[in-house]
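Participant: Fold the following and give me the result.
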Amino acid sequence: MRLGCWKLFAAGAAALLLMVTAPSVQAQGTVTGRITVAGTNEPLSDSRVMLVGTGIATVSGADGRYTLQNVPTGAVQVRVIRVGYQELKRPVTVEAGETATLDFSMKQAIVQLSEIVTTATGQQRRVELGNAVSTLGNVSQKVQETPINNLADLMVAKAPGVVVLPGAMTGAAPVIRIRGIGSLATAGSGISNDPIYVIDGVRMNTATFGFGFSGTNSSLLNDLDPNDIADVEIVKGPSAATLYGTDAANGVIVITTKRGRAGPTRWTWFGEQGTVDDRNKYPASYASWGHNGSGKLQRCVLVSESQGSCALDSLTSFNVLL
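Facilitator: Presented below is the predicted three-dimensional model:
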């Protein structure tokens, strides 16, 4: 009698369990669809498809199709991720026992690669460098958008720790200091605070030259056309000497010029016109003339006038700079 009661109880419990679970099993659906590449409509395989908030997930096949099974009914969110493509998330409504269709069109994502810096030992990633390096960015765009006439104009206020004082006169050499002054030595001592310049792997001679009467020292840096420069890298501090030698203790300015590109032939032309007015005032020079005791014409200088050997009788005014 007792065994019969237990059998009756077990049968009732099983029936109750079936009554509870049957609706929950039926209250599920399926989501299927196709994943393609935006623009080309090509199938995108190996895309990860997930049901947000659950552990239900799958991967798209070679034809780009996917199927999510046992999806709860109601409004759900489906998320798709793929390396090299932008993540997508879209809602869909699932009916019990039905199959909902949801397609995705994935757009490619632009991935920023590690910056490459050209040093004396070759190209390296920026994160691998032991030196502080600054770059000027898109030099071509800066030249087109701002009035830049020389390298000094290109570098003014473009990199931290770099002070640029353009020449005050036409053709004058600019003064460039990286991280301040490294030596108190004066001009003519053979010790300089100037950085060295490397153009396409070759060190540039930056010695200044000029004429005594003009007072302006010109520099070969002004011969560089900003339109021919592709990139400028500034290696700062004494650590630059480990790459370029002891002369680079004040820093290095690495200039890379433009190169030809593969493709059809292209011609560009640039013209510029203007005038240069000299606003300086050059005082006139004078020469004194006179005759000596024999009546011969000669230049009378102060010494001969004081000795009485030349009698001043005329002056000549001239200016070779006008």
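Participant: Gln69 and Val52, how far apart?
Facilitator: In this view, Gln69 and Val52 are 16 Å apart by C-beta to C-beta, to the nearest Å. The way it works is simple: take the backbone N, C-alpha and C, and place the C-beta from them, glycine included.
Participant: Contacts only, for Ala287.
Facilitator: Arg299, Leu315, Thr316, Phe318 (C-beta atoms under 8 Å, 6 or more residues apart in numbering).
Participant: cool, Ala100 as well?
Facilitator: Contacts of Ala100 (C-beta under 8 Å, 6+ apart): Gly29, Thr30, Val31, Thr32, Val71, Val92, Thr93, Val94.
Participant: Helix, strand, or coil at the nearest residue to the last one once chain neighbours are set aside?
Facilitator: So that's Val94. Once flanking residues are discounted, Val94 sits nearest to Gly29: 3.9 Å by C-beta to C-beta, 6 or more residues apart in numbering. Recorded secondary structure, Gly29: strand (DSSP: H, G, I helix; E, B strand; the rest coil).
Participant: so Gly29 sits right up against Ala75, yeah?
Facilitator: No - at 11.8 Å, Gly29 does not count as touching Ala75 under the criterion of C-beta atoms under 8 Å.
Participant: Of those two, which one has the most company?
Facilitator: The neighbour count for Gly29 versus Ala75, taken as other C-beta atoms under 10 Å, is higher for Gly29 (22 against 9).
Participant: Please name the bridge partners of the more buried one.
Facilitator: Beta-bridge partners of Gly29, counted by DSSP bridges, are Val71.
Participant: ranges for the strands of the stretch 201-322 of the chain?
Facilitator: 202-203, 209-210, 217-218, 229-235, 252-257, 285-291, 297-299, 311-318 (DSSP state E, counting those that start in this stretch).
Participant: hang on, the earlier thing: need the contacts of Ala100 in a markdown table with pLDDT and distance to Ala132, can you?
Facilitator: Output for the contacts of Ala100, formatted as a markdown table (pLDDT from 0 to 100; distance: C-beta to C-beta, whole Å):
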| residue | pLDDT | distance to Ala132 |
| --- | --- | --- |
| Gly29 | 90 | 59 |
| Thr30 | 92 | 58 |
| Val31 | 94 | 53 |
| Thr32 | 94 | 55 |
| Val71 | 92 | 55 |
| Val92 | 93 | 52 |
| Thr93 | 92 | 57 |
| Val94 | 91 | 57 |
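Participant: Now which of these would you call buried?
Facilitator: Gly29, Thr30, Val31, Thr32, Val71, Val92, Val94 (16 or more other C-beta atoms under 10 Å).
Participant: And the contacts of stretch 229-241?
Facilitator: Contacts of stretch 229-241 (C-beta under 8 Å, 6+ apart): 117-119, 130-136, 139-140, 143, 151, 154-155, 159, 161-162, 178-179, 182, 195, 243-244, 247-249, 251-259.
Participant: If you could redo that for stretch 76-96, that was the one I meant.
Facilitator: With C-beta under 8 Å, 6+ apart, stretch 76-96 has contacts from 26-31, 35, 37, 44, 46-53, 68, 71-75, 100, 102, 104, 106-109, 111.
Participant: nearest to Asn280, of the buried ones among the contacts of Ala100?
Facilitator: Val92 (79.8 Å; C-beta to C-beta).
Participant: Specify the local secondary structure of that closest one.
Facilitator: Going by three-state DSSP: Val92 is strand.
Participant: What separation do you get for it and Gln28?
Facilitator: Val92 is 14 Å from Gln28, by C-beta to C-beta.
Participant: swap in Ser60?
Facilitator: Ser60 is 21 Å from Gln28, by C-beta to C-beta.
Participant: So between these two, which is more surrounded?
Facilitator: Ser60 (23 against 16).
Participant: Tabulate the strands of the stretch 201-322 of the chain (CSV), appending distance to Leu88.
Facilitator: Output for these, formatted as CSV (distance: least, C-beta to C-beta, whole Å):
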stretch, distance to Leu88
strand 202-203, 51
strand 209-210, 65
strand 217-218, 61
strand 229-235, 37
strand 252-257, 40
strand 285-291, 83
strand 297-299, 94
strand 311-318, 84
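Participant: The ones you listed: lowest mean pLDDT?
Facilitator: Ranked by mean pLDDT, the strands of the stretch 201-322 of the chain bottom out at strand 209-210, which scores a mean of 66.
Participant: residues of the helix or strand hosting Val163 that come out buried?
Facilitator: Here Val163, judged by DSSP states H and E, is contained in strand 162-165. Neighbour counts over strand 162-165 (16+ other C-beta under 10 Å) mark Val162, Val164 as buried.
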